[in-house]
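[1] everything below, folded, please.
(2 chains)
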There are 2 protein chains.
Amino acid sequence: MIVQTQYVRFDSLSLDCGATLSPVDVAYETYGELNRERTNAILILHALSGDAHAAGISHETGKPGWWDNMIGPGKGFDTDKYFVICSNVLGGCRGTTGPSSINPATGCPYALSFPVITIGDMVRLQNMLIDYLGIERLLAVAGGSMGGMQALQWTVAYPDKVAAAIPIATTARHSPQQIAFNEVGRQAIMADPDWNGGNYYGRRPPARGLALARMIGHITYMSDESMREKFGRRLRDKDRYGFDFSVDFEVESYLHYRGAQFVDRFDANSYLYITKAMDYFDLTNGSASLASVLEKTQARFLVISFTSDWLYPSYQSLEIVNALRSRNRDVAYCELNSNYGHDAFLVEVGEQTEIVRGFLARTFERLR
Amino acid sequence: MIVQTQYVRFDSLSLDCGATLSPVDVAYETYGELNRERTNAILILHALSGDAHAAGISHETGKPGWWDNMIGPGKGFDTDKYFVICSNVLGGCRGTTGPSSINPATGCPYALSFPVITIGDMVRLQNMLIDYLGIERLLAVAGGSMGGMQALQWTVAYPDKVAAAIPIATTARHSPQQIAFNEVGRQAIMADPDWNGGNYYGRRPPARGLALARMIGHITYMSDESMREKFGRRLRDKDRYGFDFSVDFEVESYLHYRGAQFVDRFDANSYLYITKAMDYFDLTNGSASLASVLEKTQARFLVISFTSDWLYPSYQSLEIVNALRSRNRDVAYCELNSNYGHDAFLVEVGEQTEIVRGFLARTFERLR
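    Next up is the predicted model:
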């Protein structure tokens, strides 16, 4: 399945901070066919470092999508049955307008003049895309981590436009620990002199800072156990310690590699904006309780968490589940057994596939 | 109890890397009185950021010691009964020779020409101090985190010189996750242009890098739960989000403060050397098993861990306990209930005091 990213431009987007962005481009991909009744559309929502290329093989890069194991013919999100859409988030750096985009008012990249955005803003833009595609109501919104936050936001912002939501390994609001990890990542970027107050486009980007942020991220995405299984205390290419400050352990080598790799495909300012949006996200948004906010949702929910995910622990999913149950919303909760930590939502395909497939089928059945 | 740090110089110290350091200064403090039989001496071993000032009020700074709640008259380490010693570790920056010390061969600070050291080297130097103080056998060695590693190393390196060991919130070897967190801290320091290959003495130190390393550290020292209790999602000094990249949340403000505070009292190169020593530490040291290494110990053990400590989780303490039990060593294990995460060993005074006091009293009784 060779896929090509598509692009659409919207005149303007009103943001939670009060600013208006104009124009706004959105990069998106679609997989499968929209049925005649336009009732089989599923919007997939990506996490911090994802993009519009969720499935299939990219025409441009030849690479599979970031959730290709879950989206495709016969897979969890079955493209033989459903029309699947994924777009790059607002603030991103993979085709949708973000801090690296050209500000039409100046002819230069926005850099830090890009307004600070929210998960609500991301979803408002996705809703414009859905309207543009002629879809009145989504069969489902689904995503892990920050993708799950967007899924939750969809059910609250557009309750009549979402039949089902699948928030995975996510939370209704970041805990101080989650905020803290994001903040050290941001500080690592901003401490890099090449960051230069955000003005590095056309020059050397803040590669060390961004790599460092990514290294911190990767530690939090894995579990203690999966790291022990994957790396142990194995040394990289020595039979003894190096007695210097170069890489000794395989785990160090892995983190350096992942950090360096990330720099080639991601914009440091996008990292700042997107992590800030995650930290600001609070589904209660000043309301009395999560339950009172979720009461007005109309979607069926399938909430999934993973036992070894310590970055988005199960208690955060249970908070959502309990709030929904307290208001008699339709919610199923699955805590899946996994050693993979937060990464589990990307790699634990087997059980997720079965659960998602069944949930989507029942939802689709009820719509008829 | 006003205390004054004392200093002693040793001619030379042989290191695990093969190098010899000469001379070597040691900063230390003592509390209480050594009895006539010289049988009541306890060596306290500090963690990554500690120093010789463990108890009492410093004559120089007016500040209490880092474990003053546990050491003193009537406290867990009762200075009415015991003679308590604490020294700054090798590689440190608080009086004991380390990378910021003057290399007599050049007249300049060692910086990165300081040899890479190990926990074994630290303990070898402590043993010289104990000899110098005329103590043939220690009643106990005790410490948390890296202090616990030194306590374990003491029981293996000098089995006949330690009657008891109290390793707290520690491990027989760093896991890949622990190595990974240290490595990102080191990378943060080395990425700071002010680090300048380690040559910053007399100039501006790598303050941002060291602060960043400390911020990462502090996240790992707290528990998710204690952070939620302490900070929640409270904003620092606003009633709404700032919509910029300055500090929004109290947790961010706290980390910035702790990071900045650390820079005033700690040397960045010491941070590199000491974290590397922790990562290299492996009590098995290539042996077949931890049990076979611990078999030759003669000390009684009191191993303590804390329920919410995810940086040095209880399973690591249990690994030590099970290895000792498998060889019929005398070991008591206490997993204490606490929300404070790894910081618990510094703040959970109540139960620790009772357990340590009883354990020391029984050990002392048996020596008679």
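
[2] would you mind listing the buried residues in stretch A:335-354?
    By 16 or more other C-beta atoms under 10 Å in any protein chain shown, the buried positions in stretch A:335-354 come out as A:336, A:338-346, A:348, A:351-353. Using the backbone N, CA and C atoms, a C-beta is placed for each residue, glycine as well.

[3] am I right that A:L324 is in a helix?
    Yes. Assessed with DSSP: H, G, I helix; E, B strand; the rest coil, A:L324 lies in a helix.

[4] list the residues that contact it.
    Contact partners of A:L324, counting by C-beta atoms under 8 Å, 6 or more residues apart in numbering or on different chains, are A:291, A:294, A:297, A:301, A:303, A:330-331.

[5] return the subset of the buried residues of stretch A:335-354 lying in strands.
    A:L336 (DSSP state E).

[6] list phi and psi for the closest residue to A:P159 other than its chain neighbours.
    With C-beta to C-beta, 6 or more residues apart in numbering or on different chains as the criterion, A:P159 has its nearest non-adjacent residue at 4.6 Å, and that residue is A:Q298. With angles defined as degrees, to the nearest 10, A:Q298 sits at phi -120, psi -10.

[7] ignoring the adjacent residues along the chain, who's closest to A:E225?
    Once flanking residues are discounted, A:E225 sits nearest to A:N339: 4.9 Å by C-beta to C-beta, 6+ apart.

[8] same check, this time on A:T170
    A:G148 (2.6 Å).

[9] pull out the buried members of the contacts of A:L324.
    The neighbour-count test (16+ other C-beta under 10 Å) marks A:291, A:294, A:297, A:301, A:303, A:331 as buried among these.

[10] for A:D25, which three-state class applies?
    For A:D25, the assignment made with three-state DSSP gives strand.

[11] neighbours of it, just the number please.
    Neighbourhood size, A:D25 [other C-beta atoms under 10 Å in any protein chain shown]: 16.

[12] which residues touch it?
    Neighbouring residues of A:D25 by C-beta under 8 Å, 6+ apart: A:7-10, A:95-97, A:101.

[13] one more pass at 7 Å, please.
    By C-beta atoms under 7 Å, 6 or more residues apart in numbering or on different chains, the contact list for A:D25 reads A:7, A:9, A:95-97.

[14] what helix or strand is the residue nearest to A:N182 when sequence neighbours are not counted on?
    Nearest residue to A:N182, sequence neighbours excluded (C-beta to C-beta, 6+ apart): A:T275, at 4.1 Å. Element membership for A:T275 (DSSP states H and E) is helix A:268-280.

[15] packing partners of that helix?
    Helix A:268-280 sits against helix A:176-191, helix A:207-221, with contacts defined as 3 or more C-beta pairs under 7 Å, 6 or more residues apart in numbering or on different chains; DSSP states H and E.

[16] okay, now the unreliable bits of the stretch 1-150 of chain A?
    For the stretch 1-150 of chain A, applying pLDDT under 70 flags no range at all.

[17] interface residues of the stretch 151-300 of chain A facing chain B?
    Residues of the stretch 151-300 of chain A lying close to chain B by C-beta under 7 Å from any C-beta of the partner chain are A:173, A:175-177, A:179-181, A:183-184, A:186-188, A:190-193, A:208-209, A:212, A:215-216, A:219, A:224, A:227-228, A:231-233, A:241, A:243-245, A:249, A:251-252, A:255, A:272, A:276, A:280, A:282.

[18] before we move on, back to that, please report how far the residue nearest to A:E225 lies from A:S223.
    Applying C-beta to C-beta, to the nearest Å, the value for A:N339 to A:S223 is 6 Å.

[19] surely A:Y158 touches A:R124?
    No. A:Y158 sits out of contact with A:R124 when judged by C-beta atoms under 7 Å, with a separation of 9.2 Å.

[20] got the contact list for the most centrally placed residue in chain A?
    Nearest to the geometric centre of chain A sits A:A47, at 1.4 Å (C-alpha atoms, centre = their mean). Residues in contact with A:A47, defined by C-beta under 7 Å, 6+ apart, are A:144-147.

[21] what's the neighbour count on the nearest residue to A:Q178 once chain neighbours are set aside?
    Ranked by C-beta to C-beta, 6+ apart and with sequence neighbours excluded, the top spatial neighbour of A:Q178 is A:L311, at 6.8 Å. A total of 22 residues lie near A:L311 under the criterion other C-beta under 10 Å.

[22] thought A:L311 was touching A:T220?
    Yes. Contact criterion C-beta under 7 Å: A:L311 and A:T220 qualify, at 4.5 Å.

[23] next, show the common contact partners of those two.
    A:H342.

[24] helices of chain A, start to end?
    Assigned by DSSP state H, the helices in chain A fall at A:119-132, A:146-157, A:176-191, A:207-221, A:224-230, A:250-263, A:268-280, A:290-294, A:314-326, A:344-347, A:349-367.

[25] comparing these, which comes out most buried?
    Sort these by mean neighbour count, taking mean count of other C-beta atoms under 10 Å in any protein chain shown, and helix A:146-157 sits at the top with a mean of 27.

[26] so it versus helix A:119-132, what angle?
    70 degrees (axes from the mean of the first three to the mean of the last three C-alpha atoms, to 10 degrees).

[27] what angle separates helix A:146-157 from helix A:314-326?
    Counting by the same axes, to 10 degrees, helix A:146-157 lies at 20 degrees to helix A:314-326.

[28] and helix A:146-157, what does it pack against?
    Secondary-structure packing of helix A:146-157 (3+ C-beta pairs under 7 Å, 6+ apart): strand A:41-45, helix A:119-132, strand A:140-144, strand A:164-168.

[29] circling back to that earlier point, distance to B:R204 and mean pLDDT added to the helices and strands packed on helix A:268-280, as CSV?
    Listed next are the helices and strands packed on helix A:268-280 as CSV, based on distance: least, C-beta to C-beta, whole Å; pLDDT from 0 to 100:
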stretch, distance to B:R204, mean pLDDT
helix A:176-191, 14, 98
helix A:207-221, 18, 98
